[in-house]
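Colleague: Build me a model from this:
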Amino acid sequence: MKFGMGHAYWGTTWQCDLEKYKRVAEKLSGFGFDMLEVTADHIYHMNETELNELDAIGRNYGLTFSTNSGPAKQYDLSSSEPEVRRNGLEYFKEIIKKMSIIHSPVLAGAIYSFWPTDFVETDKKAAWERSIPMLREVGAVADDLGIECALEVLNRNETYILTDCQEAIEYCEAIGKKSINILLDTYHMNIEEDDMCNAIRKAGSMLGHFHVGEANRKLPGMNETINWEAVGQALRDIDYKKGVVMEPFLKQGGEVGRDCRVWRDLSNGADEKTLDEYLKNSLRYLKSKFEPAS
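Modeller: Here you go, the predicted structure:
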């Protein structure tokens, strides 16, 4: 398994530039991570020079990039407006092409819709019928470039389209592209799945990416609301060897606090140094639960 982390952990903004990615990469590499999760919209807006610089950062620090998307409403592949769907299709095609420059193997997130959703429309059948053909086209581009698209299963408060593993399996099978698979997240599974370990086993080889966090989105091991040992065993049972990316949200305020609904400080007033210690401790803890005993 490749253990990863996103760039937004230390602050309250989704914004990031090459200098910040470099600082985060240096931290994560030093802590023992394998993967840095970057933001798809940042990749979309980078030119070739910037992409090559980001690729060099990954190589210099021995990190693979996963690419995460919470697309804006203007790129909604399930939209009832054909022009919005076409806009989303071109957006994701461009992101995937640019991902090949930074050697990012996976585009992860709720790319079938937009995030955070506003629930103005909740006709699931219609959303499936509109978005599945779009994702076939996205998948065709991804197939050609050897990139996977892992569709994130979210909880009922963040989407109505894919809310459990079984739905995601049926959705991906309807798309029918080898590059299109599933992202499961312990935070969302804790809300929606009867048994998250059975969901992991059910996903099996269709599991393309994995997000981890406690039931209140703290770092794994901070309060042990999730049975991490059982989750690790389920991943080993399916011989999972892809990304395991932490998605903790501890700080209230800003874009991150608003979008992830962090309405109180979950960090105990931690400064950057303390946040670093939390992260190092969590990585050691997670590896002890997920990696097989030697």
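Colleague: Just the buried residues of stretch 87-105, please?
Modeller: Using 16 or more other C-beta atoms under 10 Å as the test for burial, stretch 87-105 gives 87-89, 91-92, 95-96, 98-100, 102, 104-105. In short, each C-beta sits where N, CA and C put it, glycine included.
Colleague: let me redo that: stretch 17-25
Modeller: Taking 16+ other C-beta under 10 Å as the basis for neighbour counts, the residues of stretch 17-25 that come out buried are Tyr21, Lys22, Val24, Ala25.
Colleague: so of the buried residues of stretch 87-105, which ones are in strands?
Modeller: With strands defined by DSSP state E, no entry of those lies inside them.
Colleague: which one among those residues gets closest to Glu81?
Modeller: Closest to Glu81 out of these is Asn87 (9.0 Å), distances taken as C-beta to C-beta.
Colleague: got a pLDDT number for the closest one?
Modeller: At Asn87, the model reports a pLDDT of 98.
Colleague: Could you measure from it over to Ile182?
Modeller: Relative to Ile182, Asn87 is positioned 25 Å away (C-beta to C-beta, to the nearest Å).
Colleague: re the thing from before, Thr12: which of the buried residues of stretch 17-25 is nearest?
Modeller: Distances from Thr12 to these, taken as C-beta to C-beta, are shortest for Val24 (15.0 Å).
Colleague: and the closest one, how far is that from Ala174?
Modeller: With distances defined as C-beta to C-beta, the gap from Val24 to Ala174 amounts to 37 Å.
Colleague: buried residues in the longest helix anywhere in the chain?
Modeller: If you go by DSSP state H, the chain has its longest helix at helix 124-145. Judged by neighbour count (16+ other C-beta under 10 Å), helix 124-145 contains these buried residues: 127-128, 130-132, 134-135, 137-139, 141-143.
Colleague: Stretch 172-186 too?
Modeller: By 16+ other C-beta under 10 Å, the buried positions in stretch 172-186 come out as Cys172, Ile175, Lys177, Ser179, Ile180, Asn181, Ile182, Leu183, Leu184, Asp185, Thr186.
Colleague: Contacts for it, please.
Modeller: Contacts of stretch 172-186 with the rest of the structure, by C-beta atoms under 8 Å, 6 or more residues apart in numbering, involve 108-109, 128, 132, 135-136, 138-140, 142-143, 147-154, 165, 168-169, 196, 199-200, 203, 206-214, 220, 226, 231, 247.
Colleague: before we move on, the earlier item: among the buried residues of stretch 87-105, find me the one that's closest to Tyr160.
Modeller: Nearest to Tyr160 among the buried residues of stretch 87-105: Gly88, at 17.6 Å, using C-beta to C-beta.
Colleague: Surely that closest one touches Ala72?
Modeller: No. In this structure, Gly88 is not within contact of Ala72 by C-beta atoms under 8 Å, at 9.3 Å.
Colleague: So which elements touch the helix or strand where Phe65 lies?
Modeller: Assigning secondary structure by DSSP states H and E places Phe65 in strand 64-69. Judged by 3 or more C-beta pairs under 8 Å, 6 or more residues apart in numbering; DSSP states H and E, the packing partners of strand 64-69 are strand 2-6, strand 35-39, helix 40-45, helix 48-61, helix 82-99, strand 106-109, strand 243-246.
Colleague: Mind putting these into a markdown table with distance to Leu275?
Modeller: Output for the helices and strands packed on strand 64-69, formatted as a markdown table (distance: least, C-beta to C-beta, whole Å):
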| stretch | distance to Leu275 |
| --- | --- |
| strand 2-6 | 11 |
| strand 35-39 | 16 |
| helix 40-45 | 22 |
| helix 48-61 | 19 |
| helix 82-99 | 28 |
| strand 106-109 | 23 |
| strand 243-246 | 12 |
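Colleague: Give me whichever of the ones you listed is most buried.
Modeller: With neighbours defined by mean count of other C-beta atoms under 10 Å, none of the helices and strands packed on strand 64-69 is more surrounded on average than strand 106-109, at a mean of 27.
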